[in-house]
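Novice: predicted model follows, preceded by the sequence.
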Amino acid sequence: MTLHKSDKLRSLERRRGSTPLPLAHQRRRQSAALQQRACPPDGLDPGRAAAAGARGPSGGGGGGGGVPARSSAASASAGEHRSSWSSESADSVLSGGSTEAAGAVYRVLLLGDAGVGKSSLACVLAGSEDAMGSDWEADLEDTYERTVSVDGNEATVVILDTWDQDESAWFREQSLQLGDAFLLVFSVTERSSLDRAAELGSLVRRARPHPRTAALILVGNKSDLARSREVSVEEGRAVALLLDCKFIETSVPLHHNAEELLHGAVRQVRLRRSGRGGSAGPAEAVPGGARDGDASGAAGARRPSLGERARRLLGRFGRLSSVRAKSKSCHDLSVP
Ligand SMILES: Nc1nc2c(ncn2[C@@H]2O[C@H](COP(=O)(O)OP(=O)(O)OP(=O)(O)O)[C@@H](O)[C@H]2O)c(=O)[nH]1
């Protein structure tokens, strides 16, 4: 059976390369692409349609992107669809040895509060030398593609800066199904943005309950602004610990850790596709339950945000070596 790929994926086939290539200027176009994938061709199982989309240009790799058919009624089963085809893909990856097919596609979605530097970071991750230069805003796009070599294997990374809190719930839900890796970006100069990143992390965990299907990396941006810093490295680590995810600090003007982040995201997705990463179950993934840290969560008494809990954790256990040792591994984006 011939699978109908979305316009966007067809576009990716034509436009592979190592320079940042704009794929979409308007969110509406993306929304249309998402819609198309949400309505697979007649007779095609939605999970398979998503898997087909996820295999992308090379037909290899899989395991990651693709959007299972989704409506409010379908959303309950979407997680099952996703984990079933994801593990299938992971098997096929394993059957080829420890490496994926050349050019496997990795969709990396940036999430975070307004103004934390998502667009600037996306631009740098896409390979721009001049993010924040005199004319950098004119070059900003919301989707980039870049081909990089990570540990000797080629990876096609699609960087999506499409998150918009004001978009419809449907669009946001689709976006959360789209990513293979999620960068939870906050600004180290704004404490509230850490809380927001933690909330978004919880949102991803709820949308993608099995940690094997989505890699999360907490990103403390603007690390160059030392004098305005409100969030310490330790606080970032503690939140990452609670979210069971990786943590890294970046600076756009200094290009600090940009390549490490991009390569780390690929490695984290590869670990999941090979069945070695994200081993924690859904309940483990967000300590205390998936609703923790979600401001829109349970009615009734307000639960402390993950940021607040991280600060308490630091206060109580900051000096304990086990916590320190665990939080140290948050920094290593090449291990599970
Ligand atoms: N000093 C410093 N400034 C940064 C850094 N990253 C981004 N900025 C600046 O922060 C401001 C906001 O950056 P954006 O990239 O527009 O942030 P955003 O998260 O995409 O914002 P929204 O589009 O509103 O969601 C801009 O003025 C950037 O120049 C950084 O690492 N260091």
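Specialist: It's in. Numbering: from 1, shown residues only.
Novice: tell me the residues of the chain that contact the ligand?
Specialist: Contact residues, the chain versus the ligand (CB under 6 Å from any ligand atom): 112, 114-120, 132, 221-222, 224-225, 251-253. For the C-beta atoms, the positions are set from N, CA and C on the backbone; glycine is no exception.
Novice: from these, which would you call buried?
Specialist: Neighbour counting by 16 or more other CB atoms under 10 Å classes 112, 116-120, 221-222, 224, 251-252 among the residues of the chain next to the ligand as buried.
Novice: if you look at those residues, which of them are in strands?
Specialist: 112, 221 (DSSP state E).
Novice: relative to I159, how far out is the nearest residue to H255 once chain neighbours are set aside?
Specialist: Leaving aside its chain neighbours, H255 sits nearest to V124 (6.1 Å; criterion: CB to CB, 6 or more residues apart in numbering). The gap separating V124 from I159 is 10 Å, by CB to CB, to the nearest Å.
Novice: let me see the contact set for the closest residue to H256 other than its chain neighbours.
Specialist: Sequence neighbours aside, T250 is the residue nearest to H256 in space, at 5.8 Å (criterion: CB to CB, 6+ apart). T250 is in contact with 121, 219-221, 223, 256-258, 261, counting by CB atoms under 8 Å, 6 or more residues apart in numbering.
Novice: for T250, what are phi and psi?
Specialist: Note on T250: its backbone torsions stand at phi -140, psi 160 [degrees, to the nearest 10].
Novice: do the same with the one 3 residues further on
Specialist: Summarising the backbone geometry of P253 under the convention degrees, to the nearest 10, its torsions are phi -60, psi -30.
Novice: can you list the weak-confidence ranges in the stretch 101-250 of the chain?
Specialist: Along the stretch 101-250 of the chain, the model assigns pLDDT under 70 to residues 101-103, 130-140, 211.
Novice: residue in it nearest to the ligand?
Specialist: With CB to the nearest ligand atom, the shortest gap between the stretch 101-250 of the chain and the ligand falls at G117, namely 2.8 Å.
Novice: give the bridge partners for the nearest residue to that residue once chain neighbours are set aside, please.
Specialist: Leaving out its chain neighbours, the residue that sits closest to G117 by CB to CB, 6+ apart is N221, at 4.2 Å. Per DSSP bridges, the residues bridged to N221 are S187.
Novice: for N257, see how far away N221 is.
Specialist: Distance from N221 to N257, by CB to CB: 10 Å.
Novice: where do the contact lists of the two overlap?
Specialist: Looking at what touches both N221 and N257 (by CB under 8 Å, 6+ apart), the common residues are 249-251.
Novice: among the residues you listed, which one sits closest to W170?
Specialist: Distance to W170, by CB to CB, is smallest for T250 among the shared contacts of N221 and N257, at 30.7 Å.
Novice: picking up where we left off before, tell me the one of the shared contacts of N221 and N257 nearest V188?
Specialist: Among the shared contacts of N221 and N257, E249 lies closest to V188 (CB to CB), at 6.7 Å.
Novice: what residues does that closest one make contact with?
Specialist: 188, 219-221, 223, 233, 236, 256-257.
Novice: for it, name its beta-bridge partners.
Specialist: Counting by DSSP bridges, E249 is bridged to G220.
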